[in-house]
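>>> Can you look at this prediction? I've put the sequence above it.
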Amino acid sequence: MTRIGWSLLAAIGWSAPALAQEAPGDGRALYEQHCAGCHAIDANRVGPAHRGVFGRKAGLAPGFRYSDAVKRSGVVWDAKSLDAWLADPERLIPGQKMYAEFEDPAVRRAIIEFLRTQR
Ligand code: HEC
């Protein structure tokens with residue numbers, strides 16, 4: 001999708017279902033761009049593996065050493081909590097150790113839709 005496409009989506013708040021269906025493909029590229037420096041879908045790196053994270057409680061990727069803050073947070077990862085996490089992790093779970101923030105709501109949404117498909 002073009003740059004114009006993304007700002008349009010941001011402007012309309014991603015309300016059109018036809019456009020939302022395009023999210024997984026673009027979400028994958030955005031994931032590679034913004035997350036893959038620390039994360040992979042199937043391997044723990046600097047951050048935990050992401051397979052199955054959507055819909056699961058925080059802190060459960062096997063073999064990853066989470067902060068106590070994330071382990072004890074009781075957060076369940078859904079579209080809303082993931083959006084809050086990506087926008088400002090420290091605000092959602094004080095004491096976490098992700099140290100990355102993503103300002104663009106359209107980028108967050110596309111990446112979250114991609115994670116939703118990685119069951
Ligand atoms: C600078 C490295 C870094 C980047 C970039 C990064 N993360 Fe993370 N992420 C981490 C670390 C480290 C943790 C573990 C945090 C903790 O335990 O406090 C984490 C945790 C998470 C969790 C919680 C997982 C779970 O199993 O509970 C999610 C979801 C997540 N990151 C999503 C993302 C997404 C999506 C992106 C890209 C938009 C991203 N992260 C970018 C390092 C990073």
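Cool, got the structure. Residues are numbered from 1 along each chain as shown.
>>> can we go C-alpha only for contacts and neighbour counts from here?
OK.
>>> who in this protein is up against the ligand?
31, 34-35, 37-38, 46-48, 53, 58-61, 66-67, 70, 96-100 (Cα under 6 Å from any ligand atom).
>>> Neighbour count says what about those residues? Which are buried?
By neighbour count, with 16 or more other Cα atoms under 10 Å, these hold 31, 34-35, 47-48, 53, 58-61, 66, 70, 96, 98 as buried.
>>> where does the protein dip in pLDDT?
Across the chain, residues meeting the criterion (pLDDT under 70) sit at 1-25.
>>> What segments of it are helices?
Using DSSP state H, the helices found in the chain span residues 3-12, 17-20, 23-34, 68-71, 79-87, 89-92, 105-117.
>>> now the last one against helix 79-87, angle please.
So the one you mean is helix 105-117. For helix 105-117 against helix 79-87, the angle by axes from the mean of the first three to the mean of the last three Cα atoms, to 10 degrees is 120 degrees.
>>> angle of helix 105-117 against helix 23-34?
Angle of helix 105-117 versus helix 23-34, following the same axes, to 10 degrees, is 110 degrees.
>>> Against which helices or strands is helix 105-117 packed?
Helix 105-117 sits against helix 3-12, helix 23-34, helix 79-87, with contacts defined as 3 or more Cα pairs under 8 Å, 6 or more residues apart in numbering; DSSP states H and E.
>>> Kindly recompute the last result at 10 Å.
Counting contacts by 3 or more Cα pairs under 10 Å, 6 or more residues apart in numbering; DSSP states H and E, helix 105-117 packs against helix 3-12, helix 17-20, helix 23-34, helix 79-87.
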